[in-house]
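**Student:** this is a predicted model, with the sequence first.
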Amino acid sequence: MASFDATVNRRPRLIIMVKAPVAGRVKTRLGREIGMERAAWWYRHQTARLLRRLGGDPRWQTVLAIAPDTALEAALWPHGILRTPQGRGDLGERMARLLTLPHAGPALLIGSDIPGVTPGHIQRAFGLLRGRDALFAPAHDGGYWAVGLRHPARAPGGFLKDVRWSSPHTLADSLATLGPLRPALGEVLRDVDGAADLTAIKEARV
């Protein structure tokens, strides 16, 4: 596996959190509404589309953060993209650890369940990070679909700790962990948690 040595690549880093698309273990909230097999099928194809759209862009270095760790070498991941395990801990601990992997440039982390995200969204998010210490790009449900740090090594010790995940308070709680860092807010997109999100995305495309 390629090295994460900060001297190797000074481009901005895009970290995409992905899960092995196993029915009953991925998108379980969606699965309770449309069936676990259908939810896993949706997630598998959504992830493939996302990686085709963002993974090969030369403007940034893409890293796949994979769960579970045992799926790191699975054949379903594209060749030529760096991979790293998500590791242990709650969501905030994993996100903070991934964002602060050794790197010389800014780092941006996104989920893999955002059908509307484009290379333009990513480039604009990195642009906002040039003028601020951190970035959060809100989602419609009170959370966020992207979080970034201009200088990952300067993340405060309590970064993303004690956050009420999957709640209307997620974004506010996360902003409160920044300490003295100055945040920017990015564009609003919709991630997919339940069937209503799929319906809203389809209607927006009509």
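**Tutor:** Right, received. Where do you want to start?

**Student:** rest of the way, CA atoms for contacts and neighbours
**Tutor:** OK.

**Student:** I66: which element?
**Tutor:** I66 is part of strand 61-67 when elements are defined by DSSP states H and E.

**Student:** each with direction, which strands does that strand pair with?
**Tutor:** Take DSSP bridges as the rule and strand 61-67 pairs in its sheet with strand 13-19 (parallel), strand 82-85 (parallel).

**Student:** looks to me like A184 is in a helix.
**Tutor:** No - judged by DSSP: H, G, I helix; E, B strand; the rest coil, A184 forms no part of a helix; its state is strand.

**Student:** if I look at it, how far off is I122?
**Tutor:** In this view, A184 and I122 are 14 Å apart by Cα to Cα, to the nearest Å.

**Student:** one more: G31?
**Tutor:** G31 sits 28 Å away from I122, going by Cα to Cα.

**Student:** I'd guess E93 is in a strand, am I close?
**Tutor:** No - E93: not assigned to a strand; according to three-state DSSP it is helix.

**Student:** burial count for it?
**Tutor:** If you count neighbours by other Cα atoms under 10 Å, E93 ends up with 17.

**Student:** and for the one 10 residues further on?
**Tutor:** Counted with other Cα under 10 Å, the neighbours of H103 add up to 21.

**Student:** can you check the one 10 residues further on too?
**Tutor:** Around D113 there are 21 other residues, counting by other Cα under 10 Å.

**Student:** which residues are in contact with the residue nearest in space to the middle of the chain?
**Tutor:** In the chain, the centroid-proximal residue (Cα atoms, centre = their mean) is I110; its distance is 1.7 Å. Contacts for I110 (Cα atoms under 8 Å, 6 or more residues apart in numbering) come out as L14, I15, I16, M17, W145, A146, V147.

**Student:** now stretch 189-206: average pLDDT?
**Tutor:** The average of the pLDDT scores along stretch 189-206 is 88.

**Student:** got a list of contacts for it?
**Tutor:** By Cα under 8 Å, 6+ apart, the list of residues contacting stretch 189-206 reads 27, 29-30, 33-34, 113-117, 137-141, 145.

**Student:** quick one: buried residues of the host helix or strand of L98?
**Tutor:** If you go by DSSP H and E, L98 is part of helix 91-99. In terms of neighbour count (16 or more other Cα atoms under 10 Å), helix 91-99 has its buried residues at G92, E93, R94, M95, A96, R97, L98, L99.

**Student:** could you do stretch 36-48 as well?
**Tutor:** Across stretch 36-48, burial judged by 16+ other Cα under 10 Å covers M36, E37, A39, A40, W42, Y43, R44, T47.

**Student:** just put those residues in CSV and tack on distance to I201 and secondary structure.
**Tutor:** Conversion of the buried residues of stretch 36-48 to CSV gives the following (distance: Cα to Cα, whole Å; DSSP: H, G, I helix; E, B strand; the rest coil):
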residue, distance to I201, secondary structure
M36, 20, helix
E37, 20, helix
A39, 15, helix
A40, 18, helix
W42, 13, helix
Y43, 15, helix
R44, 17, helix
T47, 16, helix
